[in-house]
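1. Next comes the sequence, and after it the predicted model I'd like to discuss.
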Amino acid sequence: MQKAIKILNQLVAEGLIEDYAIGGSVAMLFYAEPVTTKDVDIFIETKSNSLVVSYSPIYEYLKNLGYEMIDQHVVIEGIAIDFLPAYNPLVVEALNNAASMNYSGENVDVFTPEYIIAIALQTGRPQDYQKITILINEAEINQDKLIEILKKYNLYQKWISFIAKE
Amino acid sequence: MLITDEELKKIFDNKLKRRKLAAQRPVEEKFKDLVKMQEILVNANPKYKDSKIIPWRIS
C-alpha cells in the first residue's frame, strides 16, 4: 500500500492530477476495522475540473512504469486502483476537505468519516448502508459537521430514517 | 420527522460509547488484515475464483 501511495503522490508531483483522496472501503480503514473490497477508490481532481476526465495520460504514465491495466483498474504493487472523477458537488467537497494522513511515512489524503457517510447515504446501495453502520459504531465522528453536510446536500431526512432503523 | 434532533443525538452518542477499541489499531496492521480477508473471501466464494482483481496480489 505504501508503494501505491508513493505512486499517487508522484502523479500529483508530475502534474498528471491536481489532487487526489482515497475514498470508499480503504478510506474506512483509517477510522474503523477493515471491510472487504474489490479495489481502492481514488477520487481525483484534474486541472479542467471536468466530469469528462481523460485518464489516458495517467494510464500511459503508469504503463510506462510497468503497471498492468485490468479493466478500469491499474494494478500497482498488487493493489487494484480505480481512478474516479469527483463526480458531483458532494464528492468535490469531500476531496477538498480530505484529511491528511500518514501511511508508513507516506502522506496521503483520505476522505473524512463524515463525508464517507454522506456519500454512502447519497449512493444508497446495501453495501453503502453497511459502511455507514460500521462507521457510526467504530469511528470518531464529528456529529455537528456530519449534520451540516447532510443538510447542505438534502440528505438529512434520509439520515434520520436510517438512524431510526439502526 | 420520525425522531427529534435530541433523540437522534442520544442514539448517536450511545453508539459512539460502544466504539470498538480495536478500530484504533494502526492502519498498516488493519491493511494486512484486509489482505487476509480478501483471500478468505476468494476461498469462500467461487464467483471470485477466476477474478484477476480479488484478492490483491501483494508482492
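-> Yes, it's here. Numbering: from 1, shown residues only, chains lettered A, B, ... in the order given.
2. What does the closest residue to A:Leu62 other than its chain neighbours show for phi and psi?
-> Leaving aside its chain neighbours, A:Leu62 sits nearest to A:Val74 (5.1 Å; criterion: C-beta to C-beta, 6 or more residues apart in numbering or on different chains). For glycine as for every other residue, the C-beta is placed from the backbone atoms N, C-alpha and C. In terms of degrees, to the nearest 10, the main-chain angles of A:Val74 are phi -110, psi 130.
3. same thing with A:Pro34?
-> According to degrees, to the nearest 10, A:Pro34 has phi -70, psi 150.
4. Pull the contacting residues for the closest residue in space to it that isn't next to it in sequence.
-> Of all residues not flanking A:Pro34 in the chain, B:Leu34 sits nearest, at 3.8 Å (C-beta to C-beta, 6+ apart). Residues near B:Leu34 by C-beta atoms under 8 Å, 6 or more residues apart in numbering or on different chains: A:26, A:29, A:34-37.
5. Likewise for A:Ala4?
-> So A:Ala4 contacts A:40, A:76-77, A:79, A:81 (C-beta under 8 Å, 6+ apart).
6. Grab the most central residue of chain A for me.
-> With distances taken as C-alpha atoms, centre = their mean, the residue of chain A nearest its centroid is A:Gly23 (1.4 Å).
7. What separation do you get for that one and A:Val40?
-> 9 Å (C-beta to C-beta, to the nearest Å).
8. cool, A:Asp128 as well?
-> With C-beta to C-beta as the criterion, A:Asp128 and A:Val40 are 17 Å apart.
9. and those two? which has more neighbours close in?
-> A:Val40 (25 against 16; other C-beta atoms under 10 Å in any protein chain shown).
10. Phi, psi for that one please.
-> According to degrees, to the nearest 10, A:Val40 has phi -100, psi 120.
11. Who does it form a beta bridge with?
-> On the basis of DSSP bridges, A:Val40 is bridged to A:Ile81.
12. Paired strands for the lowest-mean-pLDDT helix or strand in chain A, with orientation please.
-> Every helix and strand in chain A was compared by mean pLDDT, DSSP states H and E; the lowest is strand A:68-70, with a mean of 84. Strand A:68-70 has the following strand partners under DSSP bridges: strand A:73-76 (antiparallel).
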